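Novice: Let's see this in three dimensions:
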Amino acid sequence: MAAAGIPPAPPDVLVTSRPLDEYCALFGLTRAGLAALSGPLLDCPGGAAGLAAEARGLGCRVIAVDPAYALPLPEVADRARAARAAMAAAMAARPHLYPAHRPDRPDDPGRSERYLRSWDRARRLFAADSAAHPQRYVAAALPRLPFADGTFALTLSGYLLFAYPELFGPERQLAALAELVRVTAPDGEVRVQPLCDGRGRRCGHLDRLRYALGERRIASEVHRLPPAGGGCLRRVLVLRAAGRRHREQARRASDM
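Specialist: Down below sits the predicted model:
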């Protein structure tokens, strides 16, 4: 996992341990869709998630990227446990941001603890998989990734670019998003969420950012996903190389 010259993730960035099912809910994916991907999936940042280990059982190859992988594996695990504690504290302090996991829901008072246990399981899967297959976990950081153009069929980026505005201002967000599109296949797509910071405040310059992406021939859409557990409507930024729409239109016309 370690790589020379890659600084570890800033300590304020949580190294989270989300399982495959949570990825599907957050990004609007399905297990069947992942199994049908024509190429590898990039998870950036990968944190201590179980995605790479779990998706392999579907026939989906995942490459996880995170600057935290420059650390020894025990230190990554320590940061993941700290993130779990931070999540538990945040859920207790700001339950309105986590309605699907509120501990005070009368219909299911144990839901919060079960959610955190899913992180525990994902963290254990990550530890075992990264030890057995270190080549799937690459120490690197946006906005520069060590991959050739068009390497991935699908690229996911969660809880980073908009969640930490103090680390990713507008210019760095633009550079990072463009880099994610660069390493994604022309017929693939990039999905980014959430579009708000850790306190639920929406990005105020998203329209300007999308305009700047368009100037770089990157098409963007905001997909609105159904709320989870009675929560707020969730939004995912979907990016594609701008030429894809023209290719799809031509393909549909040829089929008529």
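Novice: alpha carbons only for contacts and neighbour counts from here, please
Specialist: Will do.
Novice: how close does residue 71 sit to residue 125?
Specialist: 18 Å (Cα to Cα, to the nearest Å).
Novice: and what of residue 79?
Specialist: Counting by Cα to Cα, the gap from residue 79 to residue 125 is 15 Å.
Novice: Can you show me the helices along the chain?
Specialist: Ranges of helices in the chain, per DSSP state H, are 20-27, 31-35, 51-56, 73-93, 111-132, 170-182, 206-215, 243-255.
Novice: between those, which gets nearest to residue 145?
Specialist: The closest of those to residue 145 is helix 170-182. By Cα to Cα, the value is 7.3 Å.
Novice: And that closest one, what's buried?
Specialist: 170, 173, 174, 176, 177, 178, 179, 180, 181, 182 (16 or more other Cα atoms under 10 Å).
Novice: same deal with stretch 38-57?
Specialist: 39-55.
Novice: about what we covered before: which among the buried residues of helix 170-182 gets closest to residue 237?
Specialist: residue 177 (10.2 Å).
Novice: Distance of the closest one relative to residue 192?
Specialist: 9 Å.
Novice: which residues of the stretch 51-200 of the chain score low on pLDDT?
Specialist: 96-109 (pLDDT under 70).
Novice: The longest strand belonging to the chain: partners in the sheet, and parallel or antiparallel?
Specialist: Longest strand of the chain, by residue count under DSSP state E: strand 184-193. Sheet pairing of strand 184-193 (DSSP bridges) gives strand 152-158 (parallel), strand 234-241 (antiparallel).
Novice: Show which residues not belonging to that strand make contact with it.
Specialist: Contact partners of strand 184-193, identified using Cα atoms under 8 Å, 6 or more residues apart in numbering, comprise 26-27, 149-159, 162, 180-181, 235-241, 243-244.
Novice: Just put the helices of the chain in TSV and tack on distance to residue 197.
Specialist: Output for the helices of the chain, formatted as TSV (distance: least, Cα to Cα, whole Å):
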stretch	distance to residue 197
helix 20-27	15
helix 31-35	27
helix 51-56	23
helix 73-93	13
helix 111-132	21
helix 170-182	13
helix 206-215	13
helix 243-255	30
